[in-house]
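Engineer: fold the following, please.
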Amino acid sequence: MSRFISKRFAQMVPYRLGEQPKNMEFIKLNSNETLIPPSEGVYESLQKAADHADLGHYSDQDATVLREAIATHYGVATDEVFAGNGADEVLSFIMLAYGMTPEGLCFPDITYGFYKTVSGAFGLNYREIPLDENFRIRAADYERAGQLIIIANPNAPTGLQLSQKEIRRIIESNRDHVVVIDEAYVDFGTRSCIPLIHEYDNLIVVHTMSKSRNIAAIHVGYAIGQAALMRELNNLKNCFNPNNINQVTLDAAVAAMQDFETLERSVLEKIKIRIWFTRQLERMGYETLDSFTNFVFTRHEGYDAQELTEFLYEEGILVRHYDQPRIRDFVRISIGTAGEMEKVTESLLKFRESIRTAKRASM
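Structural biologist: Below you'll find the model as predicted:
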């Protein structure tokens with residue numbers, strides 16, 4: 001750090017995505033992305049932009065056309081939608097708006113690491129609430145929390161979900177504080193809480209278009225909640241970065257949002273591959289948590305997770321290992337294409353044989 005940095009940021013620890021290699025020689029399964037293509041309309045919008053883009057004017061700072069498309073898709077009003085440059089930006093504005101208070105915010109101890117990163121960077125008071133022994137969020141732990149609450153459902157990196165009944169229990173016991181349900185992976189088998197926004201004025205649901213809609217590179221996220229909350233987020237955004245979403249991104253995101261057929265087909269394909277891969281893991285003796293996402297969180301009693309991660313790296317496969325208490329025995333493996341997961345399975349078999357060979361040699 002230089003001697004000029006604000007004291008608030010002097011000790012910040014930046015959030016890092018999974019390794020982003022400069023080439024595509026790797027099978028990249030460390031950031032929950034995919035090679036499955038998005039809607040054809042996305043490519044058409046990008047080509048149209050390349051041919052006829054009006055680059056001399058700013059985009060609509062209210063992202064109206066995108067918010068209208070999102071509202072239509074979910075059956076809500078346009079003023080009940082806030083759009084951002086990725087879900088991380090949306091979450092940041094929510095945390096600043098409702099977490100910059102003496103009581104601060106809370107979230108699980110094992111969850112999306114970005115929550116902690118933002119809290120630390122902006123000096124927010126935060127509390128980490130431990131998952132139970134089965135890596136599940138306990139609704140009872142969040143009753144009358146007295147803070148902004150952020151819960152990823154399904155959670156990451158565990159992949160486990162809370163029922164809507166449990167979420168209602170959390171919201172109803174915290175009516176004087178905002179409850180955020182981060183549904184980044186909701187399309188892979190979890191019931192969304194979006195219909196609940198008309199019952200609860202303290203509920204915000206956050207989505208990303210990077211996972212199920214396959215446009216991580218375009219990077220769009222959004223929040224849905226009652227109009228007063230969304231207006232506050234938009235006002236805060238306009239204080240920082242009024243044109244946070246450029247016109248090319250807006251057009252591509254609208255195309256992706258309007259193509260429900262591609263969304264449904266892509267999600268079903270990933271779920272099918274996830275089920276197949278989970279079965280392969282079970283046959284090899286891995287313990288895998290129930291996944292409602294586009295990744296699996298798995299461990300093997302006889303293997304070192306860091307050693308496994310390094311072996312797969314040498315095989316040209318990137319996965320995610322978390323060197324932190326309670327989950328350092330696990331690896332998170334994103335669900336790629338069927339061909340990619342077959343190659344991962346082959347490499348896992350090679351790893352098993354290398355362990356067996358090493359054991360025989362040591363006898």
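
Engineer: mind listing what residue 331 touches?
Structural biologist: Each residue near residue 331 by C-beta atoms under 8 Å, 6 or more residues apart in numbering is listed here: 297-299, 305, 308-309, 319-321. Backbone N, C-alpha and C define where each C-beta goes, glycine included.

Engineer: distance of it from residue 102?
Structural biologist: 39 Å (C-beta to C-beta, to the nearest Å).

Engineer: same question for residue 196.
Structural biologist: The value you get for residue 196 to residue 102, if C-beta to C-beta is used, is 28 Å.

Engineer: do residue 138 as well
Structural biologist: Counting by C-beta to C-beta, the gap from residue 138 to residue 102 is 25 Å.

Engineer: next, the distance between the ends of stretch 133-147.
Structural biologist: 24 Å (C-alpha to C-alpha, to the nearest Å).

Engineer: for that stretch, give the mean pLDDT please.
Structural biologist: Looking at stretch 133-147 alone, the average pLDDT works out to 97.

Engineer: and the worst-scoring helix or strand of the chain on mean pLDDT, what other elements does it pack with?
Structural biologist: With mean pLDDT, DSSP states H and E as the measure, the helix or strand of the chain carrying the lowest mean pLDDT is helix 40-52 (a mean of 85). Contact here means 3 or more C-beta pairs under 8 Å, 6 or more residues apart in numbering; DSSP states H and E; on that basis helix 40-52 packs against helix 247-258.

Engineer: show the contacting residues for residue 348.
Structural biologist: With contact set as C-beta under 8 Å, 6+ apart, residue 348 has these partners: 280-281, 284, 312.

Engineer: which one (most neighbours) among those?
Structural biologist: residue 312 (24 neighbours; other C-beta atoms under 10 Å).

Engineer: would you map the strands across the stretch 51-200 of the chain?
Structural biologist: Secondary structure of the stretch 51-200 of the chain (DSSP state E, counting those that start in this stretch): strands located at 81-84, 105-108, 126-129, 148-152, 179-182.

Engineer: who wins for proximity to residue 219 among those strands?
Structural biologist: Proximity to residue 219 (C-beta to C-beta) singles out strand 81-84 among the strands of the stretch 51-200 of the chain, at 9.4 Å.

Engineer: nearest to residue 33, of the contacts of residue 348?
Structural biologist: Nearest to residue 33 among the contacts of residue 348: residue 312, at 16.5 Å, using C-beta to C-beta.

Engineer: just how off-centre is whatever helix or strand residue 204 lives in within its chain?
Structural biologist: If you go by DSSP states H and E, residue 204 is part of strand 203-208. Mean-position distance between strand 203-208 and its chain equals 11 Å (C-alpha atoms, centre = their mean, to the nearest Å).

Engineer: contacts for stretch 27-39?
Structural biologist: With contacts defined as C-beta under 8 Å, 6+ apart, stretch 27-39 is touched by 17-21, 43, 156, 185, 210-211, 213-216, 255-256, 258-259, 262-263, 266, 269-270, 293-295, 316-320, 332-337, 340, 343-344.

Engineer: I'd like to know which of the residues you listed are part of helices.
Structural biologist: In this view, the contacts of stretch 27-39 that belong to helices under DSSP state H are 43, 255-256, 258, 262-263, 266, 269-270, 340, 343-344.

Engineer: so the chain: which segments form each domain?
Structural biologist: For the chain, automatic domain parsing gives the domain ranges 13-35+261-362, 40-258.

Engineer: out of these, which is the most enclosed?
Structural biologist: Of all the domains of the chain, domain 40-258 has the most neighbours on average by mean count of other C-beta atoms under 10 Å, namely a mean of 19.

Engineer: can you get me the start-to-end distance on it?
Structural biologist: OK, domain 40-258 end separation, C-alpha to C-alpha: 11 Å.

Engineer: surely residue 226 and residue 201 touch.
Structural biologist: Yes - assessed by C-beta atoms under 8 Å, residue 226 is found in contact with residue 201 at 5.0 Å.

Engineer: relative to residue 260, how far out is the nearest residue to residue 67 once chain neighbours are set aside?
Structural biologist: Using C-beta to C-beta, 6 or more residues apart in numbering and skipping the chain neighbours, the partner closest in space to residue 67 is residue 81 (4.2 Å). Residue 81 is 17 Å from residue 260, where distance means C-beta to C-beta.

Engineer: residue 161 too?
Structural biologist: To residue 260, residue 161 is 22 Å away according to C-beta to C-beta.

Engineer: do residue 339 as well
Structural biologist: Distance of residue 339 to residue 260, computed by C-beta to C-beta: 26 Å.

Engineer: same question, residue 78
Structural biologist: In this view, residue 78 and residue 260 are 18 Å apart by C-beta to C-beta.

Engineer: compare the strands of the stretch 51-200 of the chain and give me the one nearest residue 71.
Structural biologist: In terms of C-beta to C-beta, the element of the strands of the stretch 51-200 of the chain nearest to residue 71 is strand 81-84, at 5.2 Å.

Engineer: and what about the residue nearest to residue 338 when sequence neighbours are not counted, helix, strand or coil?
Structural biologist: Residue nearest to residue 338 in three dimensions, not counting chain neighbours: residue 273, with 5.4 Å by C-beta to C-beta, 6+ apart. Recorded secondary structure, residue 273: helix (DSSP: H, G, I helix; E, B strand; the rest coil).
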